[in-house]
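Q: Next one to model:
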Amino acid sequence: MPASVVFATSSAPFGVSETWLQSEVSEIARTRDVYLAPILGRGERQNWPNAKYLSNGSVLLYPKAILRLLRKPLRDVWKFDRNDEKFRSYVKKVLAALRGTVWGMQFRREGISVRLVVASFASGPAVSAVAMAQILDAKVSVIGHRFDIEMRAPKWVYRRVDLTRAISVSAQHEFLNRGIDSQVIPLGVVDELRPRDSTSKELSCVAIGQLVPRKGHEQAIRAVAGLKAEGIYCSLDIVGEGPLKDRLHEIIEDLGVADRVRLRGPVQRVRLLEMLGDESWNILVHPSVVEGDLVEGIPAVILEAASRGLAVIASPSGGTSEYLVDGFNGLEIRGTNATEQIESLSFLIKKVARYSDLLEALTCGGFQSLERFTATSAVTTVFTTLEI
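A: Residues are numbered from 1 along each chain as shown. Below you'll find the predicted structure:
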């Protein structure tokens, strides 16, 4: 079997923050072993059916790892630039380099040949990947989204990266703002296109994401409440967990929409993809908003829902507008504040309810737009670029 690929992650296979990697991992696993190497394992271990995970290794490796980081070319990790980074970021950078070095030593000790190390984010995982690759004599690819690029991985990291991959044009602009060249290769989150046999006449929406303000779940709930007041039926399931759980429960009760809106809690990605194809949902609503400097790339959930035959109604925040063509593969939520977004979302749902063929048309448009977001396309482009 060809040499392995390692994904340097923030926490995967623990937690849910990097499960969007699973389709690309599965595609690579068709021809070679794939390993996950997290900086810190936070949360419940997820089901990654095509990836391998080694134990954390002996603590005896850490003193040796520190000594390695004192040598060239990685001793830059110890430099602290008071003008360009906060002390907390500095500590995280050192920890990431240390964990990457330990992982590299462990793979060598296990006799595992590694050809490529992929960093899931252009922040801590990028530092970990470079440290790991130095030991394994492997190539490095870094995936940049938006917010992670702004978290400022040191520039010396990118001098040791073979492919800096921006998942969207907006991510590429973020890299350029830092003086870093990158290539746009969208996330390969689509593993298959699965048309639905039939579409329910009742409107059934799902919103997926952390229960945090920037996901816009409150706007979605209030839009459903407004539709109920007008006598228009539309249900809403919200999948995810987060600090706003109690607040959203209160809003649901106060608005009297407990019969229309459900908080479904967190769902592992493998199961979520099954639910997107099997449940009665026919619309994904994604009223995400810009929150300070935290800006999304192209949300993987939009692509995954479209691949399972759901129509998409989403705001154009972050990189969403690079996928969504209003009226062709989705409908765009407009508005510069919460009130305008609620009115826009309500209007769009009523539009879908009024025109019976619109759902099918949006679904067909979604299928036609997903080719460049397939795992096969992404992996082929990365491997070709790196001559692997």
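
Q: Show me where the stretch 1-150 of the chain has its helices.
A: With helices called from DSSP state H, counting those that start in this stretch, the stretch 1-150 of the chain shows them at 22-28, 61-69, 87-109, 124-136, 147-150.

Q: Run through the neighbouring helices and strands of the last one.
A: Taking 3 or more Cβ pairs under 8 Å, 6 or more residues apart in numbering; DSSP states H and E as contact, the helices and strands that helix 147-150 lies on are helix 169-177. From N, CA and C alone the C-beta is placed, and that goes for glycine too.

Q: and if you look at the third one?
A: Packed against helix 87-109, as judged by 3+ Cβ pairs under 8 Å, 6+ apart, are the following elements: strand 4-9, strand 34-38, helix 61-69, helix 124-136.

Q: circling back to that earlier point, could the helices of the stretch 1-150 of the chain go into CSV alongside distance to residue 275 and mean pLDDT?
A: What follows is those, written out as CSV (distance: least, Cβ to Cβ, whole Å; pLDDT from 0 to 100):
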stretch, distance to residue 275, mean pLDDT
helix 22-28, 15, 95
helix 61-69, 41, 77
helix 87-109, 34, 88
helix 124-136, 28, 94
helix 147-150, 27, 82
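
Q: Select, out of those helices, the one closest to residue 276.
A: helix 22-28 (13.5 Å; Cβ to Cβ).

Q: Next, the buried residues of the closest one.
A: Judged by neighbour count using 16 or more other Cβ atoms under 10 Å, the buried positions of helix 22-28 are 22, 23, 24, 25, 26, 27, 28.

Q: Now distance to residue 245 too, for these, in a markdown table please.
A: Output for these, formatted as a markdown table (distance: Cβ to Cβ, whole Å):
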| residue | distance to residue 245 |
| --- | --- |
| 22 | 25 |
| 23 | 28 |
| 24 | 31 |
| 25 | 30 |
| 26 | 31 |
| 27 | 34 |
| 28 | 35 |
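
Q: Out of the residues you listed, which is nearest to residue 257?
A: residue 22 (33.2 Å).

Q: Who are the contact partners of that closest one?
A: Counting by Cβ atoms under 8 Å, 6 or more residues apart in numbering, residue 22 touches 48, 50, 51, 269, 270.

Q: Which helix or which strand is home to the last one?
A: To tie it back to what came earlier, the one meant is residue 270. Following DSSP states H and E, one finds residue 270 within helix 269-278.

Q: Just the mean pLDDT for that helix, thanks.
A: The average pLDDT within helix 269-278 is 88.

Q: List of residues touching the helix or strand just after it?
A: For helix 269-278, the following helix or strand on the C-terminal side (DSSP H and E) is strand 283-286. For strand 283-286, contacts defined as Cβ under 8 Å, 6+ apart pick out 203-209, 215-216, 220, 223, 236, 299, 301-302, 305-306, 310-315, 320, 345, 349, 352, 359.

Q: what's downstream of strand 283-286, the next helix or strand?
A: Going down the chain from strand 283-286, the next helix or strand is helix 300-307, by DSSP H and E.

Q: who's in contact with that next one?
A: The contact list for helix 300-307 (Cβ under 8 Å, 6+ apart) reads 20, 187, 189-194, 206, 208-209, 272-273, 276, 284, 286, 312, 314, 320, 323-324, 329-330, 363, 366-367, 369-370, 373.

Q: Of the helices of the stretch 1-150 of the chain, which is nearest residue 158?
A: Nearest to residue 158, of all the helices of the stretch 1-150 of the chain, is helix 124-136, at 7.9 Å by Cβ to Cβ.

Q: for the closest one, packing partners?
A: strand 4-9, helix 87-109, strand 114-119, strand 139-144, helix 155-158.

Q: okay if I get those as CSV plus distance to residue 341 and mean neighbour count?
A: CSV is the format used below for the helices and strands packed on helix 124-136 (distance: least, Cβ to Cβ, whole Å; neighbours: other Cβ atoms under 10 Å):
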stretch, distance to residue 341, mean neighbour count
strand 4-9, 33, 28
helix 87-109, 33, 20
strand 114-119, 34, 26
strand 139-144, 28, 26
helix 155-158, 37, 18
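
Q: mind putting the ones you listed in JSON lines, distance to residue 176 included?
A: Listed next are the helices and strands packed on helix 124-136 as JSON lines, based on distance: least, Cβ to Cβ, whole Å:
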{"stretch": "strand 4-9", "distance to residue 176": "24"}
{"stretch": "helix 87-109", "distance to residue 176": "21"}
{"stretch": "strand 114-119", "distance to residue 176": "19"}
{"stretch": "strand 139-144", "distance to residue 176": "11"}
{"stretch": "helix 155-158", "distance to residue 176": "12"}
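
Q: And the lowest mean pLDDT element among the helices and strands of the protein?
A: Within the chain, no helix or strand scores below helix 61-69, which has a mean of 77 by mean pLDDT, DSSP states H and E.

Q: Which positions in that one come out as buried?
A: Within helix 61-69, the residues that qualify as buried are 61, 65, 68, 69, counting by 16+ other Cβ under 10 Å.

Q: re the thing from before, now the contacts of residue 22 in CSV, with distance to residue 110 and neighbour count?
A: Output for those, formatted as CSV (distance: Cβ to Cβ, whole Å; neighbours: other Cβ atoms under 10 Å):
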residue, distance to residue 110, neighbour count
48, 19, 23
50, 19, 14
51, 16, 23
269, 28, 21
270, 27, 13
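
Q: Residue 3 is in contact with residue 35, isn't it?
A: No - with contact defined as Cβ atoms under 8 Å, residue 3 does not count as touching residue 35 (11.4 Å).

Q: neighbour count winner among those two?
A: The neighbour count for residue 3 versus residue 35, taken as other Cβ atoms under 10 Å, is higher for residue 35 (20 against 14).

Q: what sits opposite that one in the beta ladder?
A: With DSSP bridges as the criterion, residue 35 is bridged to residue 6, residue 52.
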